[in-house]
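Asker: coords please:
(one chain, ligands or ions: 3)
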Amino acid sequence: MQEIKKYVSDNKQRFLDELFELLRFPSVSADPAFKNDVIKTAGFVAEKLKEAGADNVEICQTAGYPIVYGEKIIDPSLPTVLVYGHYDVQPADPLELWDTPPFEPTIRNEKIYARGACDDKGQVYMHVKAFELMMRTNSLPGNIKFMIEGEEEVGSSNLSIFVKENKERLKADVVLISDTSMISMENPSLETGLRGLSYVEVEVTGPNRDLHSGVYGGAVANPATILAKLIASLHDENNHVTIPGFYDDVIELSQEERDELNKAPFDPEEYKIDLGVEELWGEKGYSSLEHTGTRPTLEVNGIWGGYIGEGAKTVLPSKASAKISMRLVPNQQSDKITKLFEEHFRSIAPKSVKIKVTPHHGGEPVVTPTDSIAYKAAQKAITESFGKEPIPTRGGGSIPIVALFEQELKIKTVLMGFGLDSDNLHSPNEKYDLANFYKGIETIPLFHKYFAEISSK
Ligand code: BES
Ligand code: MN
Ligand code: MN
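Answerer: Residues are numbered from 1 along each chain as shown. Ligands and ions are numbered 1, 2, ... in the order given. This next block holds a predicted model:
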């Protein structure tokens with residue numbers, strides 16, 4: 001541990017300078033305007049892996065953005081860790097809400113502000129620097145493979161193909177991912193599950209053109225009003241989702257499991273103040289931790305239609321639309337839920353409108369084991385570097401590729417994330433605490449050490 005700390009402290013500024021370089025690339029995978037920047041980011045990641053000591057570094061082309069691969073095999077008979085992460089980021093808008101520009105990383109109050117600071121460039125880079133540390137100090141205890149993709153924020157569809165086509169190359173004993181949150185520095189935790197996702201876009205069409213709202217209004221159904229009604233009906237008075245069959249496959253947790261997960265520190269008052277809301281919301285009968293961790297949900301991500309420009313225009317719009325996501329838990333299946341949504345949404349729509357439902361990307365939920373060698377290694381590593389045993393939690397977010405690693409590669413995952421829920425992922429002013437960045441670099445070599453140690457027993 002002393003040697004690790006010394007290496008990190010001797011190289012602190014350089015680690016940060018390099019991360020800043022990485023953060024300056026606007027690698028927004030959702031927006032084609034950034035295509036060249038995304039591709040350049042892959043090049044930068046590959047170069048840094050090589051510099052750190054990786055062999056067989058390759059920028060693997062796909063039908064979309066490239067996947068960066070690299071490895072260090074010191075002895076094929078030793079355990080192998082596959083590190084996964086993503087170098088793409090979410091769009092930065094609304095730009096006017098950022099205190100400093102999203103792609104000009106800035107330190108304020110010991111925090112790095114930039115798009116991707118936490119999700120996931122800051123966390124990916126901890127692994128690159130931890131690897132460099134192990135190479136330079138001759139302490140890499142097993143084999144390591146890196147697979148860093150550029151399409152996580154848009155559904156990882158090309159990575160799915162890559163995984164299926166590269167099973168041999170990706171052979172490993174565990175997948176290690178830092179792309180999730182912990183409760184706080186004082187309360188380190190390990191996520192033991194991720195929710196799945198169904199994402200749909202709905203379009204409601206009424207009259208064949210926009211109409212004068214005085215001349216026609218009152219006699220013709222307004223698609224915006226209908227859409228609002230349909231959406232409002234998707235939750236009942238207890239905030240349950242009303243889609244028939246939505247909960248059918250949900251595995252209910254035992255009271256013991258629920259009690260265990262509800263032990264995690266959570267202060268609703270602080271939570272409300274942080275978010276600026278007077279009251280929390282959620283499915284009746286469950287706690288807030290359960291609402292975001294173990295229960296399926298339905299959210300409107302965006303809604304539009306009609307006139308939204310300056311001033312007032314009296315118009316009865318022809319169309320109204322919404323983007324709706326459903327977070328899924330074991331054993332719900334993304335395709336099935338999408339289908340149930342579509343059937344239900346069509347069935348409740350009045351004849352006065354036409355409905356179009358377009359499915360977007362999805363992903364399956366996962367629960368990661370807490371009795372595996374890898375989980376124990378992560379527990380031990382965190383306990384040593386944070387001085388406190390990590391609390392198991394269920395994360396609300398999704399990393400769809402994790403279920404595929406299990407299915408195709410038969411490898412389980414450890415989610416050793418160092419972000420905080422309050423890091424403004426996908427929001428303006430995304431940040432990552434310097435303390436978490438450096439703590440991560442110190443903890444990762446301990447994970448590799450304990451994973452190799454416990455594996456050899
Ligand atoms: N890193 C996040 C997922 C995450 C964040 C998990 C915090 C747990 C805690 C990831 O980059 C992400 O944003 N995933 C998307 C899904 C994807 C298909 C766009 C999500 O969860 O919305
Ligand atoms: Mn991420
Ligand atoms: Mn993300």
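Asker: Around residue 46, how many other residues sit close by?
Answerer: Using other C-beta atoms under 10 Å, residue 46 has 22 other residues around it. C-beta coordinates here come from the backbone N, C-alpha and C atoms, glycine included.
Asker: and it, that's in a helix?
Answerer: Yes: judged by DSSP: H, G, I helix; E, B strand; the rest coil, residue 46 forms part of a helix.
Asker: Tell me the buried residues in stretch 184-197?
Answerer: 188-197 (16 or more other C-beta atoms under 10 Å).
Asker: before we move on, what about stretch 50-60?
Answerer: 52, 54, 57, 59-60.
Asker: what's the answer for stretch 138-154, then?
Answerer: 140-154.
Asker: before we move on, the earlier item: what's the farthest-apart pair in the buried residues of stretch 50-60?
Answerer: 52 and 60 (18.4 Å; C-beta to C-beta).
Asker: From the buried residues of stretch 50-60, pick the one nearest ligand 1.
Answerer: Of all the buried residues of stretch 50-60, the one with the least separation from ligand 1 (C-beta to the nearest ligand atom) is residue 60, at 20.1 Å.
Asker: In contact with the residue lying closest to residue 88 once chain neighbours are set aside, which residues?
Answerer: Among residues not flanking residue 88 along the chain, residue 29 sits closest, at 3.7 Å (C-beta to C-beta, 6 or more residues apart in numbering). Shown in contact with residue 29 (C-beta atoms under 8 Å, 6 or more residues apart in numbering): 38, 64-65, 88-89, 150-154.
Asker: and with 7 Å instead?
Answerer: By C-beta atoms under 7 Å, 6 or more residues apart in numbering, the contact list for residue 29 reads 38, 65, 88, 150-151, 153-154.
Asker: for the residues you listed, which one is nearest ligand 1?
Answerer: Nearest member of the contacts of residue 29 to ligand 1, counting by C-beta to the nearest ligand atom, is residue 153, at 5.1 Å.
Asker: Wait, a strand at that closest one?
Answerer: No: using three-state DSSP, the secondary structure at residue 153 is helix, not a strand.
Asker: I figured it was touching residue 92, is that so?
Answerer: No: with contacts counted by C-beta atoms under 7 Å, residue 153 stays clear of residue 92, the gap being 11.9 Å.
Asker: Assign the closest residue to residue 180 other than its chain neighbours to helix, strand or coil.
Answerer: Distance criterion C-beta to C-beta, 6+ apart; nearest residue to residue 180, sequence neighbours excluded, is residue 417 at 3.2 Å. Secondary structure state of residue 417, per three-state DSSP, is coil.
Asker: Can you report how many residues lie near residue 417?
Answerer: 24.
Asker: now it: how far from ligand 1?
Answerer: Separation of residue 417 from ligand 1 (C-beta to the nearest ligand atom, to the nearest Å): 7 Å.
Asker: Was I right to think that residue contacts residue 178?
Answerer: Yes: using C-beta under 7 Å, residue 417 is in contact with residue 178, at 5.2 Å.
Asker: any common contacting residues for those two?
Answerer: residue 123.
Asker: any chance of the buried residues of stretch 50-60 in a markdown table, with pLDDT too?
Answerer: Output for the buried residues of stretch 50-60, formatted as a markdown table (pLDDT from 0 to 100):
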| residue | pLDDT |
| --- | --- |
| 52 | 98 |
| 54 | 98 |
| 57 | 98 |
| 59 | 98 |
| 60 | 98 |
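Asker: Filter the residues you listed down to the ones in helices?
Answerer: Using DSSP state H, the subset of the buried residues of stretch 50-60 located in helices is residue 52.
Asker: Could you export the buried residues of stretch 50-60 as TSV, including distance to ligand 1?
Answerer: Shown next, in TSV, are those (distance: C-beta to the nearest ligand atom, whole Å):
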residue	distance to ligand 1
52	23
54	23
57	23
59	21
60	20
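Asker: so which of the buried residues of stretch 50-60 comes closest to residue 240?
Answerer: So of the buried residues of stretch 50-60, ranked by how close each gets to residue 240 (C-beta to C-beta), first place is residue 60, at 44.1 Å.
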